[in-house]
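Colleague: Show me the folded form of this:
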Amino acid sequence: QATNREIDANEKSMSLDRVSLKNRQTALIKQILNFNHGRDDDTDELGEKELSFKILIFDEFTQNLLSPLLTVRQLLTLGVTLHLPLHSRRLPVPRVPCIYLCEPTEANLNRISEDCRARLYDSCHLNFSSPLPQPLMENFAKDALENDYVGDIAKIYDQYIDFVSYEHALFSMRHNHSFVRLHDPQAETEPMMKYLESTAQSLVSVCVTLGAVPRLVFPAHGPAAEVGRLLSRRLHELLQSRPHLLRPAPIFTQRAHGAMTPQLGATTTTTTTADASAPAAYGWQRPVLIIYDRAEDVASVLQHPWTYLGLISDALEFHMGSVKVKKPTGEEQRFELDPDADEFWRDNANRIFTEIPEATQTLLETYTTRNAQLRRDLHLPEEEGLPASPAAGGMKFDAESFKRITAMSAMKGFVDAHMNIAHALLDPIRDRRLQEFSSIEESILSAQSYNKEIMTELLNPHPPATPPAGEGAATPTPTTTTPCGTHSDMLRLLIIAYLRNESTTELEPLERALQDAGVRMDALRFAKQHRASLSSSSSNTSTAAGAASSVFSRLARLRSAKAQCALVRAVDAIMEPSARQGFPPGYVVLDPKMGPDATTKLPPMALREGIVFVVGGGTYAEHHALQAYARSKQKELIYGASEIYRPCEFLDQLHELGTLVGPTGASASAPGGPAQ
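Modeller: Numbering: from 1, shown residues only. Purely as a prediction, here's the structure:
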């Protein structure tokens, strides 16, 4: 065990640039799959003495959690011979231990009880993604005692892992319909508070995984404020009751049940196998956790992006790093975009699309040159594919040669993926005039002048007359796509204009034209009401409450040639002292180390490390903009959100809210300046 002085020295010698949230969560999962025993290294293989075969049972949430962390092959390497959904029909597998990994819900506990009563497995190791509530624990213990399966429960663990790591610096809570949940005018108080509490609990898990107790920064009112205060209290309580969880590099916490204690209501304790000598996650400067409210910047989520990543998420079917495209042959294929493995994706995801054709051509030429050199070196026939094994085709290759072959095969896969993706983007870019939509929206969001004639043309829902189809020509099918994009494209532009323009009078004829063409206008109805509410709060700056509620709105309207993203401007105003001097009053800084609601001030120096979380959902484009800012300022930032959605998915949520607002929202005026 290292002394406290050694730990402090380690804390000062390390920094966030060595920390990957994804890697840390992966290490936790590996320990869970090793029955929560410690590991001597971070390799995929376990030692022979440690390796034991087991069954893994998961629910829907933990399946999504595992998907970006471990492949099926890696699960096999870790001894998982069978992995099955919790709520599925499963047959008994005697003499094999089972690891359960699921959320601590009543439905999940009931199903686990059914499995135990049926004696499906030799022993059960229960791992919950967040702390198991005491009432559920007591009911489960009572059922175990009554049905005599106490001895089948090996251990019960509270695992602080209830978030999904997509990339090293990107995570999500996977809260579907998060924006609707937060802004539904018919929502009841109790479900709303439960949702905000679950968000705060997930952020506690992020802090535990990183081994950090950050200062919290958030606006004084709204959902972000409620999450911030709940998070501060929970972190403070955790520091008082289980301080080891927030030490550097915590691994997991275990309830000291051993074989489950049948006494109901008994006091439980917590143990941990975290190595106290492990290096700290953060350097001498504590990180800051900035909680941002999606409602303060609705417009930028709807913007048509012009980066490679943005176009993929907008124009193609893109989910959790996987994109489906239609190849020139008409065949549909899915490609995985992993920034860890794919150097081209890592370097070009945030570049504007006009630079991508040249970049893909360079990638193809590099591959062609390297492939030719490899074939010459290893005497491989030009017309044949690369060997799939060291002894394929009667030829034998040493380890180093086959490593080169494997790397070249992977590079070929990346070339095929990006050539097909770039080709698949060309049609929607041309047919929907995405570059023009993106350009005029960028001007509106940046408060720059724009060509109103082009905007009127883009918002024309009536296609020009076309000559009759000739003999043998295909008959056009009804569609919502026009020569100026889809109806959704037009509505997104109109909403952005309504949210950002000082005057909306000139937009009314465009709105009527879309409405007459049958375009669904529910989202615009909500946007109008949202603009009115934000503008009203922004104009009420004579009181502290008014100033606090509008703090992030006013930040989002600050113009910067280097950072057009409202979120990035807000982060910069918090982390940079020079920008912080013009930061409006009213935001809150809490320090959980000082107390559950202890206010404090930010350090006078520039902040280097932080976590940025968006309550109500975020986007891949926002994440990449934040990372570009972090690189330019030599900072280390992690981005997270309630959910990560595409622009069309966010528009659907606005439509849903528009139906709840009712007809009064459609006629809401917008006093004052533009909202966000």
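Colleague: For the rest of this, base every contact and every neighbour count on C-alpha atoms.
Modeller: Fine.
Colleague: in which helix or strand would I find residue 509?
Modeller: Of the helices and strands defined by DSSP states H and E, residue 509 is found in helix 508-516.
Colleague: swap that for residue 89, sorry
Modeller: Using DSSP H and E, residue 89 sits in no helix or strand.
Colleague: For it, give its distance to residue 489.
Modeller: Per Cα to Cα, to the nearest Å, residue 89 is found 44 Å from residue 489.
Colleague: Comparing the two, which residue is more hemmed in?
Modeller: residue 489 (23 against 7; other Cα atoms under 10 Å).
Colleague: quick one, phi psi at that one?
Modeller: For residue 489, the backbone dihedrals are phi -60, psi -50 (criterion: degrees, to the nearest 10).
Colleague: residues contacting it?
Modeller: By Cα atoms under 8 Å, 6 or more residues apart in numbering, the contact set of residue 489 is 304, 432, 437.
Colleague: Could you give me the PyMOL syntax to select whichever of these are buried?
Modeller: This is how PyMOL selects the buried members of the contacts of residue 489, with burial counted by 16 or more other Cα atoms under 10 Å:
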select buried, resi 304+432+437
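Colleague: May I see the contacts of residue 489 organised as a markdown table, with distance to residue 192 and secondary structure added?
Modeller: Putting the contacts of residue 489 into a markdown table (distance: Cα to Cα, whole Å; DSSP: H, G, I helix; E, B strand; the rest coil) gives the following:
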| residue | distance to residue 192 | secondary structure |
| --- | --- | --- |
| 304 | 31 | coil |
| 432 | 38 | helix |
| 437 | 36 | helix |
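Colleague: Just the element for residue 206, please.
Modeller: Take DSSP H and E as the rule and residue 206 turns out to sit in helix 189-210.
Colleague: Which strands and helices lie in contact with that helix?
Modeller: helix 21-33, helix 223-241 (3 or more Cα pairs under 8 Å, 6 or more residues apart in numbering; DSSP states H and E).
Colleague: Tell me the secondary structure of residue 119, please.
Modeller: At residue 119, secondary structure determined by DSSP: H, G, I helix; E, B strand; the rest coil is coil.
Colleague: how near is it to residue 112?
Modeller: 11 Å.
Colleague: again, but for residue 118
Modeller: On the measure of Cα to Cα, residue 118 and residue 112 end up 10 Å apart.
Colleague: how about low-confidence regions in the stretch 101-250 of the chain?
Modeller: Across the stretch 101-250 of the chain, the ranges flagged by pLDDT under 70 are 248-250.
Colleague: Ok, the chain next?
Modeller: 1-19, 38-51, 248-284, 383-385, 387-397, 463-483, 535-564, 581-586, 662-676.
Colleague: Distance of the residue nearest the centre of it relative to residue 373?
Modeller: Nearest to the mean C-alpha position of the chain, by Cα atoms, centre = their mean, lies residue 172 at 3.3 Å. Here residue 172 is placed at a distance of 43 Å from residue 373 (Cα to Cα).
Colleague: Same list, the helices and strands packed on helix 189-210, but as a markdown table with mean neighbour count and distance to residue 164 please.
Modeller: As requested, these are exported to a markdown table (neighbours: other Cα atoms under 10 Å; distance: least, Cα to Cα, whole Å):
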| stretch | mean neighbour count | distance to residue 164 |
| --- | --- | --- |
| helix 21-33 | 21 | 8 |
| helix 223-241 | 21 | 18 |
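Colleague: For residue 104, which of those is the nearest?
Modeller: helix 21-33 (15.9 Å; Cα to Cα).
Colleague: After the closest one, heading C-terminal, what element do we hit next?
Modeller: strand 54-58.
Colleague: hang on, the earlier thing: surely the residue nearest to the centre of the chain and residue 638 touch.
Modeller: No. Under the criterion of Cα atoms under 8 Å, residue 172 is not in contact with residue 638, lying 11.0 Å apart.
Colleague: what about residue 123, neighbour count?
Modeller: By the measure other Cα under 10 Å, the count of residues near residue 123 is 21.
Colleague: same deal with residue 85?
Modeller: Residue 85 has 17 nearby residues by other Cα under 10 Å.
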